[in-house]
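**Q** Next comes the sequence, and after it the predicted model I'd like to discuss.
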Amino acid sequence: MRCSYMERDGKNGKNGKNANDGKHAWYDSDSSHPAGRLLPPRGDYQTLLSFHKAEVVYDLTFRFAHKYLSKGDRTVDRMIQAARSGKKNILEGSKAGFTSKATEIKLTSVARASLEELLDDFGDYLRTRDLPLWDKDSKEALYVRRLGRKTPQTYEL
């Protein structure tokens, strides 16, 4: 194994001593990521469950906003943009994970904030129309949650 911050022989080049005093180096250049990372290398956003769920949220939000909100209502654009931002920031964060875990975490946080904003918009829609907010364990909420486990082609309004 070769470490990216040391010479091949494991010496630091200054005094000939091992730079890590016999411990394993934290960075393995052969695998191009630190060993034992909290977050694995990414870039494969298509395999992330969070990306698939965000895609379902975007698709349903797009359809909902155009079907149930007034054409000139700014909320239509805001809700669709929040759903889009949630999905796209998961994608960007996953891709950024190759070079910066800090950026990946930041973009994932932005995605979460966008989806929280969208959730609040849906709550506003229900509240202003005196419609019930489902309990998380209600049969309706469980049904919708199951939709997220299906492939995108199988959910229809």
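**A** That came through, no problem.
**Q** in the protein, what secondary structure element scores lowest on mean pLDDT?
**A** strand 27-28 (a mean of 36; mean pLDDT, DSSP states H and E).
**Q** What mean pLDDT does the helix or strand harbouring residue 105 get?
**A** Remark: residue 105 resides in helix 101-128, with elements defined by DSSP states H and E. Across helix 101-128, pLDDT averages out at 95.
**Q** Which residue ranges make up the domains of this protein?
**A** In terms of domains, the chain is parsed into 1-37, 45-154 (source: automatic domain parsing).
**Q** Buried by neighbour count: which residues of the following helix or strand past the helix holding residue 105 qualify?
**A** Using DSSP H and E, the helix or strand that directly follows helix 101-128 along the chain is helix 139-147. For helix 139-147, a neighbour-count test (16 or more other C-beta atoms under 10 Å) marks nothing as buried. Quick note: C-beta positions are derived from backbone N, CA and C, even for glycine.
**Q** now residue 126, nearest residue through space, not along the chain?
**A** residue 133 (5.4 Å; C-beta to C-beta, 6 or more residues apart in numbering).
**Q** my bad, should have said residue 114
**A** Spatial nearest neighbour of residue 114, excluding adjacent residues (C-beta to C-beta, 6+ apart): residue 85 at 3.9 Å.
**Q** Repeat that for residue 65.
**A** residue 76 is the one closest to residue 65 (C-beta to C-beta, 6+ apart), at 4.5 Å.
**Q** what angle separates the one helix or strand that neighbour maps to from helix 101-128?
**A** Here residue 76, judged by DSSP H and E, is contained in helix 74-96. Per axes from the mean of the first three to the mean of the last three C-alpha atoms, to 10 degrees, the angle that helix 74-96 makes with helix 101-128 is 160 degrees.
**Q** residues in contact with residue 65?
**A** Residue 65 sits next to 75, 76, 79, 80 when contact means C-beta atoms under 8 Å, 6 or more residues apart in numbering.
**Q** Compile these into CSV and extend it with columns for pLDDT.
**A** Formatted as CSV, the contacts of residue 65 follow (pLDDT from 0 to 100):
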residue, pLDDT
75, 94
76, 96
79, 98
80, 97
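**Q** Tell me the one of those nearest residue 115?
**A** Nearest to residue 115 among those is residue 79, at 11.0 Å by C-beta to C-beta.
**Q** Quick check: that closest one touching residue 63?
**A** No - using C-beta atoms under 8 Å, residue 79 makes no contact with residue 63, being 11.2 Å away.
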